[in-house]
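> Sequence first, then the predicted structure:
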Amino acid sequence: MEMQWVLVLHALATLLVVVSLLCGHWPIFEGTFIERIHFFITVGAYDYLTRFVITAFGSRGRHLLFSVEHYCCERPNPILQIFYLSIVGVTYYFIAKSSFRYIPGYYVDGSHRYLSMVGVSVGGLLFLLTSFSDPGTVNAENVSQYASAYPYDNIIYVKKFCSTCKIPKPARSKHCKICNRCVARFDHHCGWMNNCIGEKNTRYFMAFLLWHFLLCLYGAVVLGLILACQMKQHKIVYILTTYYGIDSSFYSLAPHISQWLLASYNTQVLIIAFLTVVSLLLAGFFGYHAHLCLTNTTTNETFKWQDYVSWKTKLNEAKASAAALKASLAGGVVTAPPGGERVEKMNAYDRGVLGNLGEVVRPLSERAPFSRGKKRA
Ligand SMILES: [Zn+2]
Ligand SMILES: [Zn+2]
């Protein structure tokens, strides 16, 4: 098998693993082999590893494995942060090494050498800002301000007390077991940032996602233009059509051009494929979080609403069945709908699109009424 096809197969296998790992649990992949790969990577492989370690090393091996698992999954750790920095560093290194010599080119201006550096640096800055900023830690000093900023809706949030922090839990907050603190307007604990995403740093997290999506897209487009420039310089289309007699239509030329690119510029082609896949994933992730921000919901609340709607629907169905049974026993006509009353999500924190966006950009804890409440308290 020729080298370029090995590279293509390698790229496809990587794509399959990345998509399965990140998206395999999505409902659209239910029952497919992508879901099975996701299950194997996230649960099955670890299960086999545990069995192997216990068989080979006994209880000492099991204890070591559980300690590693505890450190990696249940305690703050920089593993994914190091992984992120390595991916960015290695990708940028390969781009610079393989493609900077073609800049400036016919389609690519010389400024892209520096623009790319600025782009990566801004990405790194947003990463640091999200990783090391306060997500909105709730403590004894600010708990009353947070409690008045976010009133209980008495549906998904009722008055509760955090037994670990020894403070009342304001609505929309959650105690992060990994960071061991209560976080206001808690979204999720992000392993990549080694930090919670909450009331104060959702804006940096969103900026990070949007910037990295644009950065990957920018990288893929500029590398594509470099390859287009190489094709022009080597007169590939002219040679194929004139000397090899290939039809000048896109469908006739595409396989030959792809083969030439894979043989001569495989690093650039692989990086373009990688950047395209990552940018698509980032676009999906950013779109999902943008929808949450615009509707003033959090990832944590999405799960809470799912549980509430499912519980309430079952309750309504049970009520409707009981009413139908009662009516039929009394010999009357059944008027209640068979599925029971439809359950609607009533988000008490929705302030309209602009208001919701404003709360992300300028968190409530950084506004005057919040600090005035602090002085009074
Ligand atoms: Zn707590
Ligand atoms: Zn956390």
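Received, thanks. In this text, all values refer to a predicted model and were calculated from it rather than measured experimentally. Ligands and ions are numbered 1, 2, ... in the order given.
> count of neighbours near residue 196?
26 (other Cβ atoms under 10 Å). Any C-beta I mention is one placed from the backbone N, CA and C, and that applies to glycine too.
> give the contact list for it.
By Cβ atoms under 8 Å, 6 or more residues apart in numbering, the residues touching residue 196 are 135, 176, 179, 181, 183, 186, 187, 188, 189, 190.
> Can I take it that it is in a strand?
Yes. Counting by DSSP: H, G, I helix; E, B strand; the rest coil, residue 196 falls inside a strand.
> and it, what are its bridge partners?
Beta-bridge pairing for residue 196 (DSSP bridges): residue 189.
> near ligand 2, which residues of the stretch 1-150 of the chain?
Applying Cβ under 5 Å from the ion, we find that the stretch 1-150 of the chain lies next to ligand 2 at no residue.
> can you map out the helices along the stretch 1-150 of the chain?
Counting by DSSP state H, counting those that start in this stretch, the stretch 1-150 of the chain has these helices, from start to end: 3-23, 33-39, 45-69, 79-99, 112-132, 143-149.
> what about the residue in the stretch 251-377 of the chain that ligand 1 sits nearest to, helix or strand, and which?
Nearest residue of the stretch 251-377 of the chain to ligand 1, counting by Cβ to the ion: residue 300, 13.7 Å away. Using DSSP states H and E, residue 300 falls within helix 299-329.
> same thing with residue 349?
Per DSSP H and E, there is no helix or strand for residue 349.
> Identify the spatial nearest neighbour of it, chain neighbours not counted.
For residue 349, ignoring the flanking residues on the chain, the nearest one in space by Cβ to Cβ, 6 or more residues apart in numbering is residue 296 at 4.7 Å.
> is it true that that neighbour lies in a strand?
No. Using three-state DSSP, the assignment for residue 296 is coil, not a strand.
> what separates it from residue 304, distance-wise?
14 Å (Cβ to Cβ, to the nearest Å).
> I figured residue 167 hits residue 173, correct?
No. Residue 167 is beyond contact range of residue 173, at 9.5 Å (criterion: Cβ atoms under 8 Å).
> Ramachandran angles for residue 201?
Per-residue torsions, residue 201: phi -120, psi 10 (degrees, to the nearest 10).
> What is the neighbour count of it?
Look at residue 201: counted by other Cβ under 10 Å, it has 26 neighbours.
> What sits closest to residue 198 if chain neighbours are left out?
Leaving aside its sequence neighbours, residue 198 sits nearest to residue 135 (Cβ to Cβ, 6+ apart; 3.4 Å).
> Let me see the contact set for the residue nearest to the spatial centre of the chain.
The chain has residue 285 as the residue nearest its centroid, 4.3 Å off, counting by Cα atoms, centre = their mean. Listed by Cβ under 8 Å, 6+ apart, the contact partners of residue 285 are residue 209.
> Can you tell me how far residue 130 is from ligand 1?
The spacing between residue 130 and ligand 1, counted by Cβ to the ion, to the nearest Å, is 21 Å.
> who's sitting farthest from the centroid in this protein?
Outermost in the chain, Cα atoms, centre = their mean: residue 331 at 55.4 Å.
> Would you quantify the distance from it to residue 322?
Residue 331 is 17 Å from residue 322, by Cβ to Cβ.
> for residue 90, same thing?
Distance, residue 90 to residue 322, by Cβ to Cβ: 62 Å.
> before we move on, what about residue 47?
Residue 47 is 43 Å from residue 322, by Cβ to Cβ.
> same check, this time on residue 310
As judged by Cβ to Cβ, residue 310 and residue 322 stand 19 Å apart.
> Could you do residue 62 as well?
As judged by Cβ to Cβ, residue 62 and residue 322 stand 50 Å apart.
> Near ligand 1, which residues of this protein? Just list them.
162, 164, 165, 175, 182.
> Near the third one, how many other residues are there?
By the criterion of other Cβ under 10 Å, residue 165 has 18 neighbours.
> and if you look at the first one?
The local packing count at residue 162 equals 17, with neighbours defined by other Cβ under 10 Å.
> Tell me what it is bridged to.
residue 167.
> who's in contact with the residue lying closest to residue 188 once chain neighbours are set aside?
Of all residues not flanking residue 188 in the chain, residue 299 sits nearest, at 4.6 Å (Cβ to Cβ, 6+ apart). Each residue near residue 299 by Cβ under 8 Å, 6+ apart is listed here: 187, 188, 289, 292.
> May I have the secondary structure class of residue 248?
Classification of residue 248 using three-state DSSP returns coil.
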